[in-house]
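> next input, structure requested:
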Amino acid sequence: TAQNVNGRDSADVKVVVLDVPSAPIGPLRVKDMTASDCNLEWKAPKDDGGMPIQFYIVEMCDESAGARWTPIGETNGPVLHYHVENLIEGHYYRFRVRAVNKEGKSAPLETSGVYEAKNPFEVPTKPGRPKVIDFDTEWVQLEWERPEFDGGSAITGYIIERRD
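Modelled structure (predicted):
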């Protein structure tokens with residue numbers, strides 16, 4: 001509002017404050033973990049800093065090799081997921097993500113725990129020794145004991161080899 005001896009006037013003004021974005025919204029989910037890769041998912045920040053999010057920076061910390069944060073990539077635009085590659089089997093990892101706009105990068109969103117790079121299933125133990133139940137000149141009927149441990153997944157078949 002402005003005022004002088006000749007009168008008074010006022011105007012509404014919209015003020016846009018530009019800043020770095022707030023941290024992405026968690027949780028930062030680790031999905032489909034294997035011995036060599038995994039997928040990360042998160043939600044967009046509550047505050048974009050007054051301008052669009054351009055991309056996200058993804059970092060990892062290998063707890064088994066020095067525990068330092070290392071940038072591993074950037075998203076292609078403002079997508080809310082990232083495929084992590086080149087993990088080392090048996091190592092333990094933490095991950096974090098930062099949002100980036102033209103003003104800079106946000107504080108990080110971190111995973112709540114550590115994740116081991118390993119396959120979700122293991123190789124089953126060997127089955128029992130095959131026993132001949134019946135045979136003829138063109139066929140043979142075999143029987144064997146199931147493996148003691150199925151590796152965490154149902155056994156879907158067996159490979160039978162013959163030696164001449």
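
> C-alpha from now on. contacts and neighbour counts both.
Fine.

> how about the strands in this protein?
Assigned by DSSP state E, the chain shows strands spanning 2-4, 7-9, 25-31, 38-43, 55-62, 69-74, 81-84, 92-101, 104-105, 109-110, 115-116, 131-135, 140-143.

> can I get these in TSV with mean neighbour count and mean pLDDT?
Shown next, in TSV, are the strands of the chain (neighbours: other CA atoms under 10 Å; pLDDT from 0 to 100):
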stretch	mean neighbour count	mean pLDDT
strand 2-4	8	85
strand 7-9	8	86
strand 25-31	16	95
strand 38-43	17	97
strand 55-62	21	97
strand 69-74	15	96
strand 81-84	18	98
strand 92-101	23	97
strand 104-105	18	96
strand 109-110	21	97
strand 115-116	18	94
strand 131-135	10	92
strand 140-143	12	92
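
> which stretch among the ones you listed comes nearest Thr125?
strand 140-143 (16.8 Å; CA to CA).

> list the strands paired with that closest one, with their directions.
Sheet pairing of strand 140-143 (DSSP bridges) gives strand 131-135 (antiparallel).

> so what's the gap between the partner strand and the chain middle?
Chain-centre distance of strand 131-135: 49 Å, with CA atoms, centre = their mean, to the nearest Å.

> need the residues that contact that strand.
Here strand 131-135 makes contact (CA atoms under 8 Å, 6 or more residues apart in numbering) with Val140, Gln141, Leu142, Glu143, Trp144.

> repeat for stretch 148-162
Defining contact as CA under 8 Å, 6+ apart, one finds that stretch 148-162 is touched by Pro120, Phe121, Glu122, Val123, Pro124, Thr125, Lys126, Pro127.

> so can I have a markdown table of the residues you listed showing pLDDT?
Output for those, formatted as a markdown table (pLDDT from 0 to 100):
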| residue | pLDDT |
| --- | --- |
| Pro120 | 83 |
| Phe121 | 82 |
| Glu122 | 80 |
| Val123 | 83 |
| Pro124 | 87 |
| Thr125 | 88 |
| Lys126 | 90 |
| Pro127 | 91 |
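
> what's the most distant pair in those?
Top of the distance list for the contacts of stretch 148-162 (CA to CA): Pro120 and Pro127, 21.0 Å.
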